[in-house]
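Student: Task: produce atomic coordinates for the following.
(3 chains)
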Amino acid sequence: MMFQKKTNVLALTMLVIIVLATITAQWWLPVSPSEIDPEQRLSAPSVDHWFGTDDFGRDVFARTVVAAQVSLAVGVLVAVFATLIGTVLGLVSGYFRKVDFVLMRIIDGFLAFPALLLALALVAALGGSLVNIIIALTLAFFPVMARVVRSAVLQVKNESYVEAARTTGAGHGVVIGRYVLPNVLSPIIVQTTFIFAKAILAEAALSFLGVGVDPSTPTWGSMLQEAQIYLTLAPWYSIFPGLAIVITVLALNLLGDGLRDAFDPHNIKRKRKVKTKAA
Amino acid sequence: MSELLEIKDLHVHFPVKKGLFQRPKQHVKALNGVDLTVREGETLGIVGESGCGKSTLARSIIGLQEPTSGEILFNGKDYTKADAKETREMRRDVQMIFQDPYTSLNPRMKIGDSIAAPLKAYNKTDGLESRVKELLELVGLDPDTHYHKLPHEFSGGQRQRIGIARALALEPKLIICDEPVSALDVSVQAQVINLLQDLQKKLGLTYVFIAHDLSVINHMADRVAVMYLGKVMEKSGAGSFQTKAQHPYSRALLSAVPVPDPVEERSRERIVLSSELPSPANPPSGCVFHTRCPLATDRCKTEVPILEEKNESGQEVACFYPIEEPASAGYAAR
Amino acid sequence: MLQVNNLHVHLDTPDGTVKAVDGVTFSIEAGETVGIVGESGSGKSVLAHSLMKLNPEPPAAYPEGDVYFNDRSVLKMNKKELRKLRGSDIAMIFQDPMSSLNPVFKIGKQLIEAIQAHRKRPKKEAREKAIELLRDVGIPDPEARIESYPHQFSGGMRQRVLIAMALASEPKLLIADEPTTALDVTIQAQVLELLKGIQKRYGAAIMIITHDLGVVAHLADRILVMYAGRLVESGSAEDIFYRTAMPYTWSLLRSIPSVGGGERLVPIDGQPPSLIDPPAGCSFEPRCPFATEACRHVDPDLKERGSGHEAACLLSFSEFESLKEGVVSS
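Tutor: Numbering: from 1, shown residues only, chains lettered A, B, ... in the order given. Predicted coordinates for the structure are as follows:
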């Protein structure tokens, strides 16, 4: 199902390439990303410098690849933490009606702020380090996850197999862990990929606005910010990190859509129906 | 026979929330004073149409629904007032078989694990696998090949067997069967009904058997209770409910079931009830059935008939004008 | 009036091609009531939808056979002709009265639209016709109820409204796909009486599809029994119930509990076969109590067992009668 659609395969291949290339960067990059070459300032793409050079004569290709390390790390960690927190809160909130009201009002409070604005305020308050950015973005994105999980739990909770588990004496922990969670995993996984993509965009935006990580480590956002004044003079300086963001986020969104289709209960149900009909 | 389950004046009311501010305005009286007893080893059939409260009754007995008032005594002990530990012990003896075999099994759990779950919940893990296999065999499934399969690999009838195996795992005394065959095809229905009857004989089980299908109820049940709008209209004693039913609603139900016999069908007199079920949020005054009853008088609109035995028939009827002449044997023999 | 000739309907699924209808031939005369009985997955619903070419294509395909309505091929009709067929000649009532009405429009508006679709006429006249139809299907106080929304009606009332909508086009054939399955018995009795009355008043032929043998015994003049995509027996109600000539029909009748209660049920063992890869011989052979070696290889056609009574079984009527005797007496 998942691999029958070409876009899904393409998206997954792209992501695997991007991640592998980023992780192994230090072993294969021909030029160091921090090597300054004053004679080559803002030179156009060439055989030596595939993506051209920046205002210090540093290789834009090498910097784009290295910047991916930060961007992807932020994306992955935010996706993981937001998923963990959101899932736990969503499970508790959806399952226990008494906690639900309080938890959901708190989450509504979080959701009342635009995610980026919330992150911006938090980073401004906490100070711009990698850890703080991850904390800020996690806080910005977990409420959405909690909402998604909660609504999935509310649905699953009413399935009769959950009631059946309760009548056979299973405690709440067992019911949540063995009956509810496995059946809400699909929306969680889909949402995780979307948070991954959104976190990369948000990190870029924060860096662009100058509240990102330490300026000495390149990120896609900070590269764009440095490049914007040379936009007409050296368009490649902006284009390539920009493209990197677009491709990565696009691949993640495509993957998320593909996963959503693959997990779609209607698709699964239709298949099952035909099967039982045939059986 | 001793009484295993006693239900006394059970009420379950649900608030109906209306409007933007969700203020509870009315109450749906899903159960409105139900008295029932179930004796050890028998099958009590409960019939009624949708909205009569039969599923709420099942959920209350099994402990999924907290009653608004009333008592549920199991082996003489009141469930509704027991503490958590006692409730858990009692629950072990009361299990349930669900209506829809497609949604009552966790789709992501192997069926062996589904059947083992109740055993694990009560820490009966010694010889777990062999016990599960024994249960699979008991319900007519193959213990070795079926153990590690997922629910979607089974047909509806097989899934219902799995549900039965799970209900039997803790060796319960009482099993609530909530429409256990209504989702199944006719030919498969018979397999499951026979299985339930065999198990009852073999294991000495007591059943509360809920269904809307009168022919299934008649086939399974020793005694029958007819429910309408949260109340019990009639309780039949032992023997055929088919001929003994005295309440006009029971008679209407019986006559409404089309029988698979064209000549009988064409000649049968059918009591077609005129209007539809009143809202359970706003039940009629007096006898709740008077709005649809062909025999209703002014008395029925104001006075509430009590469920009581009339004329030493062994039959309890909540009606001022019970029909005493026996119903035509109808479709008794094919 | 309606003639179905060796109809095959295939459904394309990820697991393979399902032969949902596998060579079905029958006809319906004007004004008669035909019941199609079968279990889920027997192809009865797909067959009914084929009569109006309502199965979505894909996954459905019609590789062989045809449906003729008044000698015109339904399967070869273009969109416009199909619309006309569905709007005025054949109408359908569906199983689920809850989801077959548009919840945001008043009953009257939906009914008037159905009337206008059949024949253009002044709004006022259409409205009067709508009220008349609602009265015909037994909705009390139709002048007021015409202004109600679907959610203000109970399930039984909605099914009545749907029947009224189907009647709006004055159809010659009314197809009812499990019309009472979602309803309670007392309401079912009302709807069945209504269908009977309609038959008398409107003279439309009715094809009723159901799994409930009691319902067909009540309504149908003629009964078609479907199993695994094929017709296995057809005949008058008396033929099917009293002179059963096909082991499947007979086993099905034996497996239902009678209202009288009593003796142990005789279920049909096993499950219906896969329609993707059906068995080579008779499709009922694996579950048949009387199957012989020959049944495994020969797929029997419908053969005459009496006037208007046909069954698909290798056993002759008398052979089957004596086998039945043997089982019942033992």
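Student: Write out the residues of chain C neighbouring chain A.
Tutor: C:11, C:13-16, C:18, C:40-41, C:271-272, C:274-276 (C-beta under 8 Å from any C-beta of the partner chain). (C-beta placed from N, C-alpha, C; glycine too.)
Student: can we see that at 7 Å?
Tutor: Within chain C, the positions lying close to chain A (C-beta under 7 Å from any C-beta of the partner chain) are C:Thr13, C:Pro14, C:Asp15, C:Val18, C:Gly41, C:Gln271, C:Ser274, C:Leu275, C:Ile276.
Student: Filter those down to the buried ones, ChimeraX style.
Tutor: Restricted to buried positions by 16 or more other C-beta atoms under 10 Å in any protein chain shown, the ChimeraX selection for the residues of chain C next to chain A reads:
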select /C:13,18,41,271,274,275,276
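Student: the longest helix in the chain is where?
Tutor: Since no chain was named, I'll use chain A. In chain A, with assignment by DSSP state H, the single longest helix is helix A:60-95.
Student: I was thinking of chain C, sorry if that wasn't clear
Tutor: helix C:185-202.
Student: That helix packs against which elements?
Tutor: Contacts defined by 3 or more C-beta pairs under 7 Å, 6 or more residues apart in numbering or on different chains; DSSP states H and E place helix C:185-202 against helix B:248-256, helix C:155-167, helix C:213-219.
Student: ok, and which of those helices has the densest surroundings?
Tutor: Of all the helices and strands packed on helix C:185-202, helix C:213-219 has the most neighbours on average by mean count of other C-beta atoms under 10 Å in any protein chain shown, namely a mean of 26.
Student: ok, it near chain B or not?
Tutor: Yes. Contact of helix C:213-219 with chain B (C-beta under 7 Å from any C-beta) involves C:Leu213, C:Gly214, C:Val215, C:Ala217, C:His218.
Student: List the residues that contact the last one.
Tutor: Contacts for C:His218 were tallied using C-beta atoms under 7 Å, 6 or more residues apart in numbering or on different chains; they are B:Pro258, B:Glu265, C:Leu192.
Student: my guess is C:Lys129 contacts C:Ile115, does it?
Tutor: Yes. Using C-beta atoms under 7 Å, C:Lys129 is in contact with C:Ile115, at 5.3 Å.
Student: Those two: which has the busier surroundings?
Tutor: C:Ile115 (25 against 19; other C-beta atoms under 10 Å in any protein chain shown).
Student: Look at the more buried one and give its secondary structure.
Tutor: Under DSSP: H, G, I helix; E, B strand; the rest coil, the three-state class of C:Ile115 is helix.
Student: try C:Ile175
Tutor: What three-state DSSP gives for C:Ile175 is strand.
Student: Run a quick neighbour tally on it.
Tutor: C:Ile175: 27 surrounding residues under other C-beta under 10 Å.
Student: how deep is A:Ile106 tucked in, by neighbour count?
Tutor: Neighbour count of A:Ile106, defined by other C-beta under 10 Å: 13.
Student: and the gap between it and chain B?
Tutor: From A:Ile106 across to chain B, the span is 20 Å (C-beta to the nearest C-beta, to the nearest Å).
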